[in-house]
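Asks: any chance you could fold what I've pasted below:
(one chain, ligands or ions: 1)
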Amino acid sequence: MSVENLPRTIWWEDDTVRLIDQTRLPLQGDVLVCNTYQGLITAIKSLAVRGAPALGVAGAYAMALWSQVEGRFIEDVEEYKTRFSQVAEEIAHARPTAINLSWGVGQIADLIKDDRRMSAEELHESIVARANEMAEQDEAANRALGAFGAELFGEGTKFLTHCNTGSLATVFFGTALGVIFTAFEQGKVEHVWVDETRPLNQGGRLTAWELLQVGIPSALITDSMAADVMAKGWVDAVILGADRICSNGDVVNKIGTYGLSVLAKEHDIPFYVAAPTTSVDTSLACGADVEIEERDPREIEGVTVTGKLDPSDSTVAHALDALTAQGSCELPMSKGHHMTIDRKGGGYSFDAWFRTTPPQVMSFNPAFDMTPAKNVTAYITELGVIHNETGDPSKAIRDLIEGKE
Ligand code: MRU
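Replies: Below is the predicted model of the structure:
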């Protein structure tokens, strides 16, 4: 059991983008093949690929798909630039909160910044090469961040983490969970509390799975249990990731992060944010300026279940064949429940949503929240650790970013 056995999340293969469909993990590890940038945008919006660092690389690969299908055939420079900007805009806005997505697109845009001297075909090759290089750099940054972070902890540390910041949230290795992986290799991890992370359960589905794969002692809790395990003295450190860190050190991350920071303060538990510098946005003064993604209310008004159907005899198989003869088949269900059956690659799968709330309910479903810098003990990056003793890390953040440039 080792981190190295975890799957790579997203990669370029045969002029397509392949990614592990995280909407179906951990029960199914399907690989999605995206042939077009629009297909990859759909995967981004549905969270088939997710997590700030992975989104950065997905943004670059989406541009590479556009280039593969369309851009490399446009020889007129002005037409190329116009279309490039439209597509870049569309990809960067697929999910607004993590800065990494627009950063990833921006890395590709940098390639066409100057007067275009390359042919569209040469440009295409450099776009794919840059996207692949970004994927490699992501892994290297995460490993460096993991090493810096692990130094902060001693033997027998009990962590609490939120959402998924593991290998699946990156191209490979992970950020906050990467710190835990590294600390575990050094014999320092006693236990990890895994916040379920409602409503999409990235903790319960993805982090719990990664920790099991690596063999790290862990236990799943619902988000509302975090206060109790802290009060019992069972948590030495809270560690989680970031979708965006602003100039003043405010952190925007998965909904629930802010609450954990307040709880950690109350219980005198250090609160660590682990993120690559690609998640730092020095263009925004503070967290209040970040656009928070609001997602489909159905995510909190019911439960989604996906799975495979395994017909035990030929009669059932024939019935499923008949139902899916035209592709996917929507089953008639009452009470607003919803279920479709699909036939894919010789098997049958289902996607279902069951309403668990009154149909008239009003709901609010922000995917992220903002944690003020004063609640963060330290920021762990691939360039080093910023200790936040004063509660105002803005100068240290600026120095770190300027040192990188
Ligand atoms: O909505 P998601 O699953 O993309 O949200 C992911 C998070 O909030 C992570 O904590 C964050 O991106 C850091 S991932 C290393």
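Asks: in the strand or helix carrying residue 58, what counts as buried?
Replies: Assigned by DSSP states H and E, residue 58 belongs to helix 52-69. Neighbour-count burial for helix 52-69 flags 52-68 (criterion: 16 or more other Cβ atoms under 10 Å). Just so you know, the C-beta spots here come from the backbone N, C-alpha and C atoms, and that holds for glycine as well.
Asks: ok, then the element right after it?
Replies: Going down the chain from helix 52-69, the next helix or strand is helix 77-92, by DSSP H and E.
Asks: tell me what angle that following helix forms with helix 52-69.
Replies: Counting by axes from the mean of the first three to the mean of the last three Cα atoms, to 10 degrees, helix 77-92 points 150 degrees away from the direction of helix 52-69.
Asks: determine the set of other helices and strands touching whichever helix or strand comes after helix 77-92.
Replies: As assigned by DSSP H and E, the chain's next helix or strand after helix 77-92 is helix 99-109. Applying 3 or more Cβ pairs under 8 Å, 6 or more residues apart in numbering; DSSP states H and E, we find helix 99-109 packed against helix 52-69, helix 77-92, helix 120-150.
Asks: and the last one with the ligand, contact?
Replies: If I follow you right, that is helix 120-150. No - Helix 120-150 stays out of contact with the ligand when judged by Cβ under 6 Å from any ligand atom, the minimum separation being 8.4 Å.
Asks: next, the angle helix 52-69 makes with that helix.
Replies: 170 degrees.
Asks: what is helix 120-150 packed up against?
Replies: Counting by 3+ Cβ pairs under 8 Å, 6+ apart, helix 120-150 packs on strand 10-13, helix 52-69, helix 99-109, helix 176-185, strand 271-274, strand 378-381, strand 384-387.
Asks: partner strands of the fifth one, with direction?
Replies: The partner list of strand 271-274 in its sheet, established with DSSP bridges, is strand 237-240 (parallel), strand 378-381 (parallel).
Asks: closest to the ligand out of these?
Replies: Of all the strands paired with strand 271-274, strand 237-240 sits nearest to the ligand, with 5.9 Å by Cβ to the nearest ligand atom.
Asks: from residue 382, how far off is the residue lying closest to residue 58 once chain neighbours are set aside?
Replies: Here the nearest residue to residue 58 in space, its sequence neighbours aside, is residue 49; by Cβ to Cβ, 6 or more residues apart in numbering that works out to 5.0 Å. Between residue 49 and residue 382 the distance is 21 Å, computed by Cβ to Cβ, to the nearest Å.
Asks: around the ligand, pick out the residues from this structure.
Replies: Going by Cβ under 6 Å from any ligand atom, the residues of the chain near the ligand are 47, 50-53, 98, 163, 165, 169-170, 175, 202, 240-243, 253-254, 367.
Asks: go again using 5 Å as the cut-off
Replies: 50, 51, 52, 163, 165, 169, 175, 202, 241, 243, 253, 254 (Cβ under 5 Å from any ligand atom).
Asks: stretch 349-366: how far from the chain's middle?
Replies: 23 Å (Cα atoms, centre = their mean, to the nearest Å).
Asks: same deal with stretch 159-168?
Replies: 10 Å.
Asks: same check, this time on stretch 302-312
Replies: Centroid separation for stretch 302-312 versus its chain: 24 Å, with Cα atoms, centre = their mean.
Asks: in that stretch, what counts as buried?
Replies: 302, 306.
Asks: average pLDDT for the helix holding residue 58?
Replies: What helix 52-69 shows for mean pLDDT is 98.
Asks: and it with helix 176-185, angle?
Replies: Angle of helix 52-69 versus helix 176-185, following the same axes, to 10 degrees, is 120 degrees.
Asks: what's the burial count for the one residue in the chain that gets nearest to the ligand?
Replies: The ligand sits closest to residue 241 of the chain, with a gap of 2.8 Å, by Cβ to the nearest ligand atom. Applying other Cβ atoms under 10 Å, we find 33 residues neighbouring residue 241.
Asks: local confidence estimate at the closest residue to it other than its chain neighbours?
Replies: If the residues on either side of it in the chain are set aside, residue 241 comes closest to residue 165, at 3.7 Å by Cβ to Cβ, 6+ apart. Note on residue 165: pLDDT of 98.
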